[in-house]
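1. Dropping the sequence and predicted coords here.
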Amino acid sequence: VPVAVGRAGAKAILLGEHAVVYGRPAIAIPVRALGVEAHARPTDGPARLSSSLYHGPITRAPERLAVTLTAMSAALAAAGREDLALDIAIESSVPAERGLGSSAAVSAAVIEATLGACGIRVDDERMHELIQTAERAAHGSPSGLDARTVRARAAVWFDGGRIEPVTVGRDLTFVIADSGVRGRTREAVTAVAERRRADPTGIEAALDELGGLATALREQVSAGARDDIGHAMSRAHTLLNGMGVGDPALDHLVHAATSAGALGAKLTGGGRGGCVLALAADAGAAVELSQRLTRAGAAAVWTTTVEGAA
Ligand code: MEV
C-alpha cells in the first residue's frame, strides 16, 4: 500500500495575535525553515502513531497528542472511512508551544496524509474546516489565523476568517528567538477574555489600536517602510503586555533585539512564553542580531526572509 504524505510549515504572526480573536485583522508570515511531515498508511493491525513524543498504539497515546488524534479522526470521518486503521508517522521541526503554529501545522499535515491514505482530496475551505476542528481541541476558539498561515506560501492578510496575499515592497528579514519558556495559548486567550470582562474599555481600546496598527502595517509592508514596520511591532509588544500576555523572558529578548539594532521586536503567537519576532535592518544585520539573541539566552534562533518585489 502506498504511503500518503502531508506537509505544512510553521508560522509567525507579524501583528494581530489576540486581536484577531475579537475580529480585528492580522498579518502573518510562513516560516519555511520549520515544518511538519506526516506519513499515513493503512494497516491490518491496530492503528498506530509514531512521533518524537510517542510510539505505539493510538488507543494508548498520551493526552498531549489529542490534537493529532482529533485531526486524524476528523479526516477519516470526512472521508467516510472511520473503519480504516492507519499507521501514522509524524516528523516535525516546529517546536511545540512556542507560538509558531505547531498544533495547526501538525493537524494540517496529519489531515492531508490521512485523506491521502483514504484516496480523497478536499478543497481549501474543507481542509481549513478540518484543521479548525483539530485546533479547537488544542485551544478552544481559534481565530483560524494559524490554520490558514501554516498552509500559505507567502505573507498573508487575515480578516474576517479569510486570507489575502500581502504585497511586499522590499525584502524583510526577521529573526525569531525562542525564550525557552512554553507558551500557553489557551491560558493566554482565556486571560484576555477575563480582562476584557473586567475592563472592557481598556481592552477594547488596545484591540482597536492593534487593529489600526495591522491596517497601517499592510501599507507599510507594501511600501517597504522597514522603520515604520519596526515601530508598529514594538508598539504591539507594549499593547500585548498591557493585555496580560507578556512574560519577563520575552521582554528580555525584545530588549536584547532592539539594543542589537533590530528595527522592532515583539512577542509572536499566544504569548506568556514562546518566541520573539525581531525585524533586522537587512539580511547582513540579521546575522549579528541572531548572535546577540543567542548570547542573551535564546534557546534557539531562526532567520526567515519574506521576499519583496524589489
Ligand atoms: C495564536 O497563534 C494566535 C492567537 O491570536 C489565537 C488565535 O488566533 O486563535 C493568540
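-> Received the coordinates, thanks.

2. nearest residue to residue 16 other than its sequence neighbours?
-> Leaving aside its sequence neighbours, residue 16 sits nearest to residue 26 (Cβ to Cβ, 6 or more residues apart in numbering; 2.4 Å). (Each C-beta comes from the backbone N, C-alpha and C, glycine too.)

3. Nearest the geometric middle of the chain, what residue?
-> Taking Cα atoms, centre = their mean, the centroid of the chain lies closest to residue 101, which sits 2.8 Å from it.

4. and the gap between the residue nearest to it when sequence neighbours are not counted and residue 103?
-> Once flanking residues are discounted, residue 101 sits nearest to residue 11: 3.9 Å by Cβ to Cβ, 6+ apart. Using Cβ to Cβ, to the nearest Å, residue 11 is found at 11 Å from residue 103.

5. now residue 245
-> Residue 245 sits 17 Å away from residue 103, going by Cβ to Cβ.

6. check contacts around residue 12.
-> Counting by Cβ atoms under 8 Å, 6 or more residues apart in numbering, residue 12 makes contact with 28-29, 31, 99-101, 174, 176, 268-269, 275, 277, 304.

7. Just say helix, strand or coil for it.
-> What DSSP: H, G, I helix; E, B strand; the rest coil gives for residue 12 is strand.

8. Get me the contact residues on the protein for the ligand.
-> Residues of the chain lying close to the ligand by Cβ under 6 Å from any ligand atom are 13, 17-18, 20-21, 99, 142-143, 145-146, 185, 189, 269-270.

9. surely residue 145 meets residue 26?
-> Yes - between residue 145 and residue 26 there is a contact at 5.6 Å, judged by Cβ atoms under 8 Å.

10. on that earlier part again, need the residues touching each of residue 11 and residue 103.
-> Common contacts of residue 11 and residue 103 (Cβ under 8 Å, 6+ apart): residue 146.
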